[in-house]
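>>> sequence plus predicted model, see below.
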Amino acid sequence: MNFTLKGILEASVAKNGNYPAVAFVGEKPYTYTEFNQKVKAVCAQLQALNVRPEDKVAILSSNQPNWGVAFFAITSLGAVAVPILPDFHENEIENVLNHSETKVLYVSESLVRRINGINIPTVQHIIQVEDFAVLENRVGSEMPAFDETAEPAFNFNLMPDSLASIIYTSGTTGKSKGVMLTHKNLVFTAINSGKIHFMDTHDRLLSLLPLSHTYENTLGLILPIMSGSAIYYLRKPPVPSVLMPALKLIRPTIILSVPLIIEKVFKGKVLPEINSKAITRTLYKFAPTRKLLNRVAGKKVYETFGGKLEFFGVGGAKLDPEVERFLIEGKFPYAVGYGLTETAPLLAGFDSYQGKHQSTGPTMQGITLKINDPDPKSGEGEIWAKGDNVMIGYYKEPELTQEVLTEDGWFKTGDLGKFDKSGYLFIKGRLKNMIVGSSGENIYPEEIEAIINRFKFVLESVVVQKKGKLVAMVHFNIEELESRYQDMKDQANQYIDTKIEELLVELQEHVNSQVNKFSKLQLVIAQPEPFEKTATKKIKRFLYY
């Protein structure tokens, strides 16, 4: 196996040339042969723009077929792709372009306005992703129009250890870091992820997460391209009015998701339907009848997703325990994976119907995970990883790199976890999020949040320590409260405010009755706006400390 992105693309084209590769929903796809020709034409364009090995080429674009074309073209030349998250703030975009010393920038039509007025001295050319037209040429010479039939003038000898991509994380703990991933990091992860769930030409993947995030980049682009599968993109954000017709049309076999997507379905559709009748509300409290109700609801949700799903991957954040119980009892083909940008990304995962409640599955083949310095009683400790998917470091940050990579090659994930007897990994939370109580006890805010988030009308929450007190910030579903009391008209707002005050008191009592004495909440406050989130919909906790 050629452990370069160019190598896996060429192997797939040779095998799957006439199969559909990438398309917008409802539009004619590029076949693998056509996709590869586009890649070659963009390689030729980049060569004409004097892009050489190790030059940085950024992609600031919404998901679309040409995103993958640009990515494979950049990396086929030995240049380094710098994917930028579309929802990055202008300041973050400017920082990434300057820090990476980007030479050429691909930008989609919808995001051009985001780069107007930002200062990026290293960028020589700006190219529109939709048609590869040069929007800005800052070096003076006349640029030829993009030629779809062009071939690169010469090929570079790519090595598996060549740098392929620098992915800037918008972490939950603050400053973005540029994670350096090699061709081998990415290809190794794609190959071994494919051993968890096999993919081939019968598979249709509907892409919902940003391609500039390593989760979608490796598992939603590189792996399906390697497998000869078809990838479909939406032209508009995945709101229900856009998503439902797309699911009906594509009938995907694979979707990669974050917990928020399936949690919204459960809390917005399944639970309200069960709670709408006194009889089903009562029956849901007893395990045997709850399982029957979940099975019926699970079938409906399965049909909503097109009725052909074989793998609904959930990653990026922890899945709500109640939602996961529904997925298991509803026989929904969900799967969970665990990983980080620094590990390209996957470290552990299970296939559909192989799950254990609240586990992220066994260690991915080809790598080693260990619990460093485990607690003698609980077996919990920091998860360390070793393998060919571990990054080579943070770009221009040797000290930060040294903090997380040991001399003998272990990567410190910063996550706390433990293994059960059958080798399934269970994540407790982030080491940085862990709160140390007044008597030295370990308090995991994620565990308290899981209880809060199951409480009526709660959408999301963050538990922090403020002035030695354990405080929960809670964002309620105001729409649901309003619909409940809309018949009250003028008094509704006043009533909702009173209701929220009551809910806060009730919630504090509810949580404190279910946690140990160290984890009891001293204060619960309403958070009027939704919390700010990362690309995988994890709350940016550092903003709320």
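Cool, the structure landed. Numbering: from 1, shown residues only.

>>> what residue ranges in the stretch 351-500 of the chain score low on pLDDT?
439, 486-492 (pLDDT under 70).

>>> and what of the chain?
Residue ranges of the chain with pLDDT under 70: 170-175, 439, 486-492.

>>> pop the domain breakdown of it in here.
Using automatic domain parsing, the domain parsing of the chain gives 5-233, 258-430, 435-544.

>>> need the winner for burial among those.
Counting by mean count of other CB atoms under 10 Å, domain 5-233 has the highest mean neighbour count of those, with a mean of 20. The way it works is simple: take the backbone N, C-alpha and C, and place the C-beta from them, glycine included.

>>> off-centre distance for that domain?
With CA atoms, centre = their mean, to the nearest Å as the basis, domain 5-233 stands 17 Å off its chain's centre.

>>> who's in contact with the helix or strand hosting V524?
Secondary structure assignment for V524, by DSSP states H and E: strand 523-526. Outside strand 523-526, the residues within contact range by CB atoms under 8 Å, 6 or more residues apart in numbering are 466, 469-476, 500, 504-505, 507-508, 511.

>>> pull the distance from it to the chain's centre.
Here strand 523-526 is found 29 Å from its chain centre; the criterion is CA atoms, centre = their mean.

>>> could you do stretch 301-316 as well?
Centre-to-centre, stretch 301-316 and its host chain are 16 Å apart (CA atoms, centre = their mean).

>>> what's in contact with the helix or strand hosting Q494?
Taking DSSP H and E as the definition, Q494 sits inside helix 492-512. Contacting residues not belonging to helix 492-512 are listed as 448, 451-452, 455-458, 472, 474, 476, 478, 481-482, 485-486, 488, 520-521, 523-526 [CB under 8 Å, 6+ apart].

>>> among the domains of the chain, single out whichever gets nearest to L249.
domain 5-233 (6.1 Å; CB to CB).

>>> tell me how far the ends of that closest one are from each other?
21 Å (CA to CA, to the nearest Å).

>>> stretch 133-143 too?
Using CA to CA, the two ends of stretch 133-143 sit 10 Å apart.

>>> one more: stretch 313-326?
15 Å.

>>> over to stretch 405-418?
End-to-end distance (CA to CA), stretch 405-418: 20 Å.

>>> same deal with stretch 73-83?
End to end - CA to CA - stretch 73-83 spans 13 Å.

>>> before we move on, what about stretch 515-529?
End-to-end for stretch 515-529, by CA to CA: 27 Å.

>>> equivalent analysis for stretch 119-127, please.
In stretch 119-127, first residue to last residue: 17 Å (CA to CA).

>>> adjust the sequence numbering to begin at 26 for everything that follows.
Noted, 26 is the first residue going forward, which turns the last one into stretch 144-152.

>>> contacts for it, please.
Residues outside stretch 144-152 that contact it (CB under 8 Å, 6+ apart) are 70, 74-75, 119, 122-123, 126-132, 140, 158-164, 168.

>>> so of those residues, which ones are in strands?
Counting by DSSP state E, the part of the contacts of stretch 144-152 found in strands is T127, K128, V129, L130, Y131, V132, V159, L160, E161, N162.

>>> quickly find the element holding the nearest residue to A178 once chain neighbours are set aside.
Distances taken as CB to CB, 6 or more residues apart in numbering place Q72 nearest to A178, at 5.6 Å, with adjacent residues excluded. Using DSSP H and E, Q72 falls within helix 57-73.

>>> and that helix, what does it pack against?
In terms of contacts (3 or more CB pairs under 8 Å, 6 or more residues apart in numbering; DSSP states H and E), helix 57-73 is packed against helix 30-41, strand 45-49, helix 90-101.

>>> picking that back up, run me through the strand neighbours of the strand holding V549, direction for each.
The strands beside strand 548-551 in its sheet (DSSP bridges) come out as strand 494-501 (parallel).

>>> quick check: next helix or strand after the partner strand?
As assigned by DSSP H and E, the chain's next helix or strand after strand 494-501 is helix 503-509.

>>> and the contacts of that following helix?
With CB under 8 Å, 6+ apart, helix 503-509 has contacts from F482, A517, I521, K524, I525.

>>> hey, where'd the helices end up in the stretch 126-275 of the chain?
Taking DSSP state H, counting those that start in this stretch, the helices of the stretch 126-275 of the chain run over residues 137-140, 208-221, 239-242, 248-252, 265-275.

>>> dump the helices and strands packed on helix 57-73 to JSON lines, plus distance to E405.
Shown next, in JSON lines, are the helices and strands packed on helix 57-73 (distance: least, CB to CB, whole Å):
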{"stretch": "helix 30-41", "distance to E405": "37"}
{"stretch": "strand 45-49", "distance to E405": "42"}
{"stretch": "helix 90-101", "distance to E405": "38"}
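
>>> and of those, who's closest to L317?
strand 45-49 (39.8 Å).

>>> does anything pack onto that closest one? Which helices or strands?
strand 55-56, helix 57-73, helix 90-101, strand 255-258.

>>> quick one, which of these gets closest to I408.
When the helices and strands packed on strand 45-49 are compared by CB to CB, helix 90-101 sits nearest I408, at 29.0 Å.

>>> give me the residues contacting that closest one.
The list of residues contacting helix 90-101 from outside it, by CB under 8 Å, 6+ apart, reads 29-31, 34, 47-49, 54-55, 60, 63-65, 67-68, 70-71, 76, 82, 84, 86, 105-106, 108, 131, 154-155, 157, 177, 183, 189-190, 208, 236, 242, 246, 250, 256, 258.

>>> do stretch 28-37 as well
Contacts of stretch 28-37 (CB under 8 Å, 6+ apart): 26-27, 57, 61, 64, 97, 100-101, 183-185, 187, 189, 208-209, 211-213, 215, 247, 250-253.

>>> just how off-centre is that stretch within its chain?
Distance of stretch 28-37 from the chain centroid (CA atoms, centre = their mean) equals 24 Å.

>>> convert the C-alpha atoms of the helix or strand V489 falls within to CSV, please.
V489 belongs to strand 483-491 when assigned by DSSP H and E. Written as CSV, here are the backbone C-alpha positions of strand 483-491 (Å, rounded to 0.1, in the frame of the first residue of the first chain):
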residue,chain,number,x,y,z
VAL,A,483,-32.9,21.9,29.3
LEU,A,484,-31.0,22.1,26.0
GLU,A,485,-27.4,22.3,27.2
SER,A,486,-25.3,23.2,30.3
VAL,A,487,-21.8,23.9,31.6
VAL,A,488,-20.6,23.2,35.1
VAL,A,489,-17.7,25.4,36.3
GLN,A,490,-16.0,26.3,39.6
LYS,A,491,-16.4,30.0,40.5
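
>>> I appreciate the help and will end here.
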